[in-house]
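> show me how the following folds:
(one chain, ligands or ions: 1)
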Amino acid sequence: MSTMLYLDTARLGQMSPTALKMQCDFVRLMAEDPSSLYTEQFLFEGVTATPEIPQRFPELTRWPGIEGLKQQLRQTFAENTTSDTKVLLASRTTSLMQSGIRSLVAAGRRHLLLTDLTWPPYRKWIQSFARLRRIRLSLLPLRKRIWQQGFTADDVAREILKYVRRNRSDSLFLPAVTHTGIRLPLPTILRSLSDSSTNVRTVIDASQAYGHINTGDWTHLADFTFGGCHKWVRAYLPLGVAFARQQDRARLHRKIVHDPLLQFCDATGTGGGPMETVNVVPLLTAHGAVKDLMPCSEVSRFANAAQEFQPIHQRCPTWSVLSPHRTLCSKIVLLQSESPSVRKLPNQQLRQLLAEHGISATTYGGGVVRISIPRSRLSKPGRIVHLLAAGLGRLDRARKPAIPDRSFSDGHTAKTSGPVGRLSPSSQP
Ligand SMILES: Cc1ncc(COP(=O)(O)O)c(C=O)c1O
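Just a heads-up that it's a prediction; the model follows:
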């Protein structure tokens with residue numbers, strides 16, 4: 001069966017309508033005029049430099065050039081930053097994460113604090129980089145305290161700040177929203193650090209934040225914020241975007257990891273320096289997707305998606321909503337099956353099974369399913385809950401006998417009186 005309900009924006013967002021239209025017209029332009037000075041002028045300077053283009057390719061009328069795109073991204077995701085903050089565009093988010101970490105070293109930082117909420121591949125890279133460069137690394141465990149002990153946003157902020165001060169860390173790497181949907185209290189943490197005399201440098205992973213939560217209220221407080229446009233922004237094609245505070249312009253420049261698109265975008269368009277051939281289409285789709293984003297103020301009704309999904313448990317008693325404290329919630333929600341046969345399934349098999357029942361979502365061990373809902377006028381929570389419950393109900397019926405076993409494998413018991421459960425240690429994604 002084809003997928004009917006797309007709830008996997010945290011992995012890869014569905015391309016937005018304007019992103020799609022811009023991609024189509026740009027590809028048509030490239031088919032006719034793949035690489036001339038004329039198309040380069042269009043890319044760098046926009047339609048003001050190439051007024052004939054809109055007549056032939058109407059969707060490209062809105063393209064403001066690469067500098068215009070940077071301005072648009074700054075206004076959308078980092079509106080309170082000033083001109084000392086540089087906007088970097090790259091083909092991979094990972095290049096920007098590595099640039100952010102290297103910029104800490106360039107600024108003389110030698111003791112970095114990470115938490116166990118870090119995206120696992122990033123944590124691995126940072127650990128090996130720290131070993132090579134003799135950077136002291138501290139790891140603050142928060143995951144269990146959030147999922148099992150009910151930590152609030154204030155508890156998380158207090159714990160991180162206490163740890164930074166007690167251990168005299170001089171730098172901090174945090175995700176704004178984790179891959180399992182924990183929204184960290186960044187405004188509190190960053191404001192407190194910038195008010196104090198600790199001079200702690202911060203690198204923030206906004207991969208799950210751009211287009212999902214309001215980032216404008218803290219990006220100006222961080223030293224380096226990075227993320228991509230292919231998830232919640234819904235550009236589909238990967239484009240990494242970073243906002244880097246330049247305390248020292250030359251030092252930052254030296255530490256930026258080699259990324260061909262980054263180099264291309266930083267050229268003036270006059271052909272300065274050797275360059276690789278790069279895919280520039282993500283620049284266009286990112287611009288179109290940002291145009292389609294709903295302002296954060298219009299999506300307050302999605303403030304606590306875990307709350308919205310509580311009726312799932314009434315409709316499908318074998319599924320519980322796993323929820324951190326409401327002050328840490330985002331539009332990523334975890335559900336867990338209480339059926340032993342579903343819990344035993346390997347990730348990919350559960351993912352396949354969901355797809356066969358009309359649901360596209362990410363799966364983890366222990367029957368945990370991650371659903372993520374983009375901010376869109378069409379994403380009505382009631383309708384999504386209805387369709388999701390119908391799909392999960394079909395899945396349960398297909399996997400008979402579905403006699404619920406309500407005990408978690410570690411002996412903890414899931415809350416049965418209500419729909420909101422806690423993650424058992426064995427099934428923590
Ligand atoms: C918190 C977080 N950071 C980084 C990444 C990696 O993002 P990308 O798809 O740009 O490699 C992910 C991916 O899901 C993520 O959840």
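
> all strands of the stretch 201-350 of the chain, in order?
201-205, 224-228, 240-245, 319-322, 332-337 (DSSP state E, counting those that start in this stretch).

> can you tell me, leaving aside adjacent residues, what's nearest to the residue most central in space within the chain?
Closest to where the C-alpha atoms of the chain average out (Cα atoms, centre = their mean) is residue 208, at 1.5 Å. Once flanking residues are discounted, residue 208 sits nearest to residue 177: 3.9 Å by Cβ to Cβ, 6 or more residues apart in numbering. Any C-beta I mention is one placed from the backbone N, CA and C, and that applies to glycine too.

> ok, residue 259 - contacts?
90-92, 95-96, 240 (Cβ atoms under 8 Å, 6 or more residues apart in numbering).

> rewinding a little: out of the strands of the stretch 201-350 of the chain, which gets nearest to the ligand?
With Cβ to the nearest ligand atom, the closest approach to the ligand among the strands of the stretch 201-350 of the chain belongs to strand 224-228: 3.8 Å.

> and that closest one, how far out from the chain middle?
9 Å (Cα atoms, centre = their mean, to the nearest Å).

> which other residues reach it?
Contacts of strand 224-228 (Cβ under 8 Å, 6+ apart): 78, 88, 93, 96-97, 99-100, 103, 176, 201-210, 215, 219, 238-245.

> so residue 203 makes contact with residue 98?
No. Using Cβ atoms under 8 Å as the test, residue 203 is too far from residue 98 to be in contact (10.3 Å).

> what does this protein put close to the ligand?
93-94, 119, 175, 178-179, 205, 207-208, 228 (Cβ under 6 Å from any ligand atom).

> any idea how far the residue nearest to residue 208 is from residue 331?
9 Å (Cβ to Cβ, to the nearest Å).

> what do those two both touch?
residue 212.

> need the longest helix for this structure.
In the chain, assigned by DSSP state H, the helix with the most residues is helix 381-398.

> ok and that helix relative to strand 332-337, angle-wise?
Going by axes from the mean of the first three to the mean of the last three Cα atoms, to 10 degrees, helix 381-398 is angled at 30 degrees with respect to strand 332-337.

> shouldn't residue 47 be within a helix?
No. Residue 47: not assigned to a helix; according to DSSP: H, G, I helix; E, B strand; the rest coil it is coil.

> my read: residue 208 touches residue 176, true?
Yes. Counting by Cβ under 8 Å, residue 208 does reach residue 176; the two are 6.9 Å apart.

> domain ranges for this structure?
As given by automatic domain parsing, the domain ranges for the chain are 64-292, 299-427.

> now the longest one: average pLDDT?
I take that to be domain 64-292. Computed over domain 64-292, the mean pLDDT rounds to 93.

> between the two ends of that domain, how far is it?
One end of domain 64-292 sits 16 Å from the other (Cα to Cα, to the nearest Å).

> ok, now stretch 339-351?
With Cα to Cα as the measure, what separates the two termini of stretch 339-351 is 16 Å.

> then stretch 314-333?
16 Å.

> buried residues in that stretch?
316, 318-325, 328-333 (16 or more other Cβ atoms under 10 Å).

> please state the offset of that stretch from the chain centre?
19 Å.

> and for stretch 19-33?
Centroid separation for stretch 19-33 versus its chain: 27 Å, with Cα atoms, centre = their mean.

> what does stretch 4-19 give?
On Cα atoms, centre = their mean, the centre of stretch 4-19 falls 13 Å from the chain's centre.

> what does stretch 313-330 give?
21 Å.

> do stretch 56-66 as well
27 Å.

> which outside residues touch that stretch?
Contacts of stretch 56-66 (Cβ under 8 Å, 6+ apart): 18, 21-22, 24-26, 28-29, 42-49, 53-54, 71-72, 89, 265, 269, 283-284, 287-288, 291.

> what about 7 Å?
21-22, 24-26, 28-29, 43-47, 53-54, 72, 265, 283-284, 287, 291 (Cβ atoms under 7 Å, 6 or more residues apart in numbering).

> next, the buried residues of that stretch.
Taking 16+ other Cβ under 10 Å as the criterion, stretch 56-66 shows 57, 59-60, 62-63, 65-66 as buried.

> same check on stretch 31-48?
Quick answer for stretch 31-48 (16+ other Cβ under 10 Å): 39-47.

> closest to residue 381 out of the residues you listed?
Taking Cβ to Cβ as the measure, residue 381 lies nearest residue 46 of those, at 38.1 Å.

> where's the closest residue to that closest one other than its chain neighbours relative to residue 20, distance?
In space, residue 46 comes closest to residue 65 once its chain neighbours are excluded; the distance is 3.4 Å by Cβ to Cβ, 6+ apart. Residue 65 sits 21 Å away from residue 20 when distances are taken as Cβ to Cβ.

> check residue 265 too.
22 Å.

> give me the more crowded residue out of those two.
Applying other Cβ atoms under 10 Å to residue 265 and residue 20 shows that residue 265 carries more neighbours, namely 24 against 19.

> ok, the more buried one - contacts?
Counting by Cβ under 7 Å, 6+ apart, residue 265 has contacts 66, 89.

> please repeat the previous calculation with a cut-off of 10 Å.
Applying Cβ atoms under 10 Å, 6 or more residues apart in numbering, we find residue 265 in contact with 43-44, 66-67, 69-70, 87-91, 239, 259, 278, 280, 283.

> looking at the stretch 301-429 of the chain, what residue ends up closest to the ligand?
Closest point on the stretch 301-429 of the chain to the ligand, by Cβ to the nearest ligand atom, is residue 362, at 8.5 Å.
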